[in-house]
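> Fold the stuff below for me.
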Amino acid sequence: MNLRATCALLAGTAGLFGHARAHVVLEYQVAPAGSSYKATFKVGHGCDKSPTRQVSVDIPAGVKNAKPMPKPGWTLEVQPARITWTARTAADMLPDAHYDEFVLVARMPEQPGTLHWPVRQVCETGRYDWVEIPRAGQNPAELKSPAPALEILPGSGAGGHKH
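Here you go, the predicted structure:
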């Protein structure tokens with residue numbers, strides 16, 4: 001099986017299990033080492049019926065050139081290790097009953113392993129910090145507020161187009 005097929009298979013499998021407890025998850029949960037990766041953070045609810053007004057994503061060590069996708073009605077703050085989307089007005093907030101995605105692209109590290117992307121979801125009332133990282137040997141399903149995880153697989157070694 002080639003690397004692309006393996007990534008697709010693992011992404012599909014990870015998606016089946018990643019939604020059980022986590023409420024902010026990555027759409028694709030695997031990427032080849034050294035590749036350009038589109039990180040799509042899926043936000044499926046607000047905070048106890050309160051709309052989401054801000055989403056902040058911490059950029060893991062080794063990830064380079066993170067660039068966020070703008071969202072209409074939301075401002076962007078880009079820092080070296082964090083990207084934050086903030087609703088401009090109450091009308092722009094993400095209602096609890098709706099779903100949305102917050103997207104960035106970045107270059108993945110050259111080394112395989114697991115990257116955790118801590119996410120802070122701030123609502124009109126309340127917040128959720130999806131920042132827990134499992135200890136070595138711990139089952140991620142045991143965590144109450146897990147950070148979205150991305151498995152970096154060995155690269156294809158094909159070189160490819162890099163920015």
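> drop to CA atoms for contacts and neighbour counts, all remaining ones
Noted.
> right, and the helix or strand after the helix or strand bottoming out on mean pLDDT in the chain?
Scoring the helices and strands of the chain by mean pLDDT, DSSP states H and E places helix 3-18 at the bottom, with a mean of 41. Next helix or strand after helix 3-18 toward the C-terminus (DSSP states H and E): strand 24-26.
> Give me the sheet partners of the helix or strand just after that following strand and which way each runs.
Remark: after strand 24-26, the chain's next helix or strand is strand 30-32, criterion DSSP H and E. Paired neighbours of strand 30-32 in the sheet (DSSP bridges): strand 149-153 (parallel).
> Can you list the neighbours in contact with the partner strand?
The contact list for strand 149-153, computed with Cα atoms under 8 Å, 6 or more residues apart in numbering, reads 25-26, 28-33, 108-109, 111-117.
> Kindly report the same for stretch 64-77.
By Cα under 8 Å, 6+ apart, stretch 64-77 touches 59, 78, 83-89, 92, 102-109.
> distance of residue 49 from residue 128?
Counting by Cα to Cα, to the nearest Å, the separation of residue 49 from residue 128 is 12 Å.
> is it fair to say residue 41 lies in a strand?
Yes: under DSSP: H, G, I helix; E, B strand; the rest coil, residue 41 falls within a strand.
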